[in-house]
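Enquirer: Okay, structure incoming, though there's no sequence with it:
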């Protein structure tokens, strides 16, 4: 029975369903391949730069990548433990299965380990192969070591996640009523990761521009690699296995430590899991209750308020929509510095406006892409939108206005930041505000039109939706951003009064794009909405 349950869960997550949208599957695969290609390119470049600059052996340098992969797998494993063991969306269903609580608990642990093994193969294998080529250490023995390391890699992240999941669950319970606090923590984490990524790219860019390191940079990297090369770092043991250097120490330390941690953690987790699941079933999943009152709001204000609360209550949208929007000014600042530095080195001075347009347009695309979930976010409650005495088009306009407002707040703050730091002057700020505001309107209504044509109302187990339209809108937005940025950089250097041409081009593209999508929305929204059946 356990094996059947595991096979069913694996098929639901990793299996191919003929009823699935093939286009969505292709787009998801394309986005995944693109992300992996970018990561592998960064690995190759960073390895090449560090190997030619530092006096370090290949095993020590490999621990940098192994550590990063281990951290990523630990985060993923902890999330799986929390979602499957302690806060499963299908608890009411699985509670009726002919499986004892212990067998169900054991099944989920096995599923988590299998998923982690798949992620391990997806991450470590290509990274270490690219690293081997870049570092010049490729050999048959190295390939065997990488394969063996890939098989053993999930051990420690899995063992550690069993421990980490418990305090995170209790912390999440304490913060259950304080969604804003959780959002702030996520934004701080997101910005921190972005700043670290920016630092790495800046170091690489400066190296290739000046063909040398800045003072102190080389010393920082040497200290980092020396710090990772120690008995306290699990990546040290895995590197010994991959390179067959002190293999007994690596294998015994990794396996022994993982087994001990897993044994103790599983013993504690079983008690906690049983207690939390029992309370969830007894309480009917009601974390807390509050008395509701009848609000005397007009239809516009009520739908606007409801839509905003819907975003806050849906984890994916509150984190990756509002989180990105709120952190956009910070990320625009760092991106603008990097793009300007590289652009001035390759092209010359006077590209600040084009670089700013490029960077802001990319972040506008990221924020506005969530407008493509205007219908999908309703999920199983979509039928209510057809029953309320408010015209369909008005409901969608209100949702679109909310998305535009969020993007405009991020845009205005970003413009203020760039103006205060003198990236661009007042005239350029005004043009950027107008052009990007029009672009935001176009992206929002393009997303709504796309969602009307391709509504995805099938809910996931946790109540959220699988939405490929966001990916479509991201691609559309990135293409437009690249076009606007390139034109804004090239025109001033190619034509007389090129700056004016660039201004008119950006505003004109934004206006035409917004006008077309608003007109399509006005003439087709009602008919498409009526034809949607749930």
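Expert: Yep, that arrived. No experiment lies behind these values; they were computed from the predicted model shown. Residues are numbered from 1 along each chain as shown.
Enquirer: what's the domain layout of this protein?
Expert: Following automatic domain parsing, one finds the domains of the chain at 2-11+58-283, 299-531.
Enquirer: Mean neighbour count, those domains: which tops it?
Expert: Most buried of these by mean neighbour count (mean count of other Cβ atoms under 10 Å) is domain 299-531; its value is a mean of 19. For every residue, glycine as well, the C-beta is placed using N, CA and C.
Enquirer: Now do the end-to-end distance for that domain.
Expert: 23 Å (Cα to Cα, to the nearest Å).
Enquirer: avg pLDDT for that domain?
Expert: The average pLDDT within domain 299-531 is 81.
Enquirer: and that domain, how far from the chain's centre?
Expert: 17 Å (Cα atoms, centre = their mean, to the nearest Å).
Enquirer: Quick check, pLDDT for residue 228.
Expert: 84.
Enquirer: do the one 5 residues further on as well
Expert: At residue 233, the pLDDT value in this model is 87.
Enquirer: Ok, residue 152 next?
Expert: On the pLDDT scale, residue 152 is placed at 92.
Enquirer: Just the pLDDT for the nearest residue to residue 274 once chain neighbours are set aside.
Expert: Of all residues not flanking residue 274 in the chain, residue 101 sits nearest, at 5.8 Å (Cβ to Cβ, 6 or more residues apart in numbering). For residue 101, the pLDDT comes out at 70.
Enquirer: Could you check how far residue 101 is from residue 420?
Expert: Distance, residue 101 to residue 420, using Cβ to Cβ, to the nearest Å: 58 Å.
Enquirer: Could you do residue 41 as well?
Expert: To residue 420, residue 41 is 34 Å away according to Cβ to Cβ.
Enquirer: now residue 218
Expert: Noted for residue 218: a distance of 33 Å to residue 420, by Cβ to Cβ.
Enquirer: Repeat that for residue 338.
Expert: According to Cβ to Cβ, residue 338 and residue 420 sit 18 Å apart.
Enquirer: Residue 414 too?
Expert: According to Cβ to Cβ, residue 414 stands 11 Å off from residue 420.
Enquirer: same thing with residue 327?
Expert: Residue 327 sits 18 Å away from residue 420, taking Cβ to Cβ as the criterion.
Enquirer: so residue 109 touches residue 266, yeah?
Expert: Yes. Using Cβ atoms under 8 Å, residue 109 is in contact with residue 266, at 6.9 Å.
Enquirer: going on from the host helix or strand of residue 115, what's the next piece of helix or strand?
Expert: Taking DSSP states H and E as the criterion, the element that holds residue 115 is helix 101-135. Going down the chain from helix 101-135, the next helix or strand is helix 140-152, by DSSP H and E.
Enquirer: quick one: contacts of that next one?
Expert: With contact meaning Cβ atoms under 8 Å, 6 or more residues apart in numbering, helix 140-152 is reached by 66, 117, 120-121, 124-125, 128-129, 132, 238, 241-244, 251, 254-255.
Enquirer: tell me the contacts of residue 424?
Expert: Shown in contact with residue 424 (Cβ under 8 Å, 6+ apart): 352-353, 356, 418, 432.
Enquirer: just residue 253 next, same as before
Expert: Counting by Cβ under 8 Å, 6+ apart, residue 253 makes contact with 231, 237.
Enquirer: mind checking pLDDT for it?
Expert: Looking at residue 253, its pLDDT stands at 89.
Enquirer: Likewise for residue 206?
Expert: At residue 206, the model reports a pLDDT of 65.
Enquirer: can you check residue 176 too?
Expert: The score at residue 176 is 65. That number is its pLDDT.
Enquirer: cool, and residue 89?
Expert: pLDDT for residue 89: 61.
Enquirer: Let me have the domains of the chain in CSV, extended by distance to residue 32.
Expert: Formatted as CSV, those follow (distance: least, Cβ to Cβ, whole Å):
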stretch, distance to residue 32
domain 2-11+58-283, 9
domain 299-531, 10
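Enquirer: Compare these and give me the one nearest residue 30.
Expert: domain 299-531 (8.4 Å; Cβ to Cβ).
Enquirer: So residue 168 belongs to a helix, correct?
Expert: Yes. Applying DSSP: H, G, I helix; E, B strand; the rest coil, one finds residue 168 inside a helix.
Enquirer: which ones are touching it?
Expert: With Cβ under 8 Å, 6+ apart, residue 168 has these contacts: 78, 82.
Enquirer: before we move on, what about residue 474?
Expert: So residue 474 contacts 365-366, 369 (Cβ under 8 Å, 6+ apart).
Enquirer: Just the ones of the residues you listed in strands?
Expert: Judged by DSSP state E, strands contain none of the contacts of residue 474.
Enquirer: so can I have a markdown table of those residues showing distance to residue 530?
Expert: Output for the contacts of residue 474, formatted as a markdown table (distance: Cβ to Cβ, whole Å):
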| residue | distance to residue 530 |
| --- | --- |
| 365 | 30 |
| 366 | 32 |
| 369 | 26 |
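Enquirer: quick one: contacts of stretch 54-68?
Expert: Contacting residues not belonging to stretch 54-68 are listed as 43, 47, 50-51, 124, 127-128, 131, 135-137, 149, 153, 218, 221-222, 224-226, 228-229, 233, 235-236, 238-240, 242-243, 245 [Cβ under 8 Å, 6+ apart].
Enquirer: again, only this time at 7 Å
Expert: Stretch 54-68 is contacted from outside by 43, 47, 50-51, 127, 131, 135, 137, 218, 221-222, 225, 228-229, 233, 235-236, 238-239, 242-243, 245, using Cβ atoms under 7 Å, 6 or more residues apart in numbering.
Enquirer: so for that stretch, what's the average pLDDT?
Expert: For stretch 54-68, the per-residue pLDDT values average out at 87.
Enquirer: helices or strands up against the helix or strand residue 441 falls within?
Expert: Element membership of residue 441 [criterion: DSSP H and E] is helix 426-453. Identification of packing neighbours for helix 426-453 by 3 or more Cβ pairs under 7 Å, 6 or more residues apart in numbering; DSSP states H and E yields helix 352-368, helix 392-420, helix 469-494, helix 498-531.
Enquirer: Out of the ones you listed, which gets nearest to residue 82?
Expert: For the helices and strands packed on helix 426-453, proximity to residue 82 was assessed by Cβ to Cβ; helix 469-494 is nearest, at 23.8 Å.
Enquirer: relative to helix 498-531, how tilted is that closest one?
Expert: Counting by axes from the mean of the first three to the mean of the last three Cα atoms, to 10 degrees, helix 469-494 lies at 160 degrees to helix 498-531.
Enquirer: start to end distance for stretch 237-252?
Expert: Start and end residues of stretch 237-252 are separated by 9 Å (Cα to Cα).
Enquirer: And for it, what's in contact with it?
Expert: Residues outside stretch 237-252 that contact it (Cβ under 7 Å, 6+ apart): 59, 62-63, 66, 128, 141, 145-146, 148-149, 152-153, 253-254.
Enquirer: farthest pair in these?
Expert: 141 and 253 (20.6 Å).
Enquirer: I'd like to know how far residue 144 sits from residue 234.
Expert: Residue 144 sits 21 Å away from residue 234, taking Cβ to Cβ as the criterion.
Enquirer: likewise residue 365?
Expert: Distance check for residue 365 against residue 234: by Cβ to Cβ, it reads 38 Å.
Enquirer: list the contacts for residue 119?
Expert: Residue 119 neighbours (Cβ under 7 Å, 6+ apart): 73, 76.
Enquirer: okay, it: pLDDT?
Expert: 89.
Enquirer: Likewise for residue 239?
Expert: At residue 239, the predicted lDDT confidence score is 91.
Enquirer: low pLDDT regions in the stretch 101-250 of the chain?
Expert: Scanning the stretch 101-250 of the chain for pLDDT under 70 picks out 173, 175-180, 197-198, 200-201, 203-217.
Enquirer: Perfect, I'm done here.
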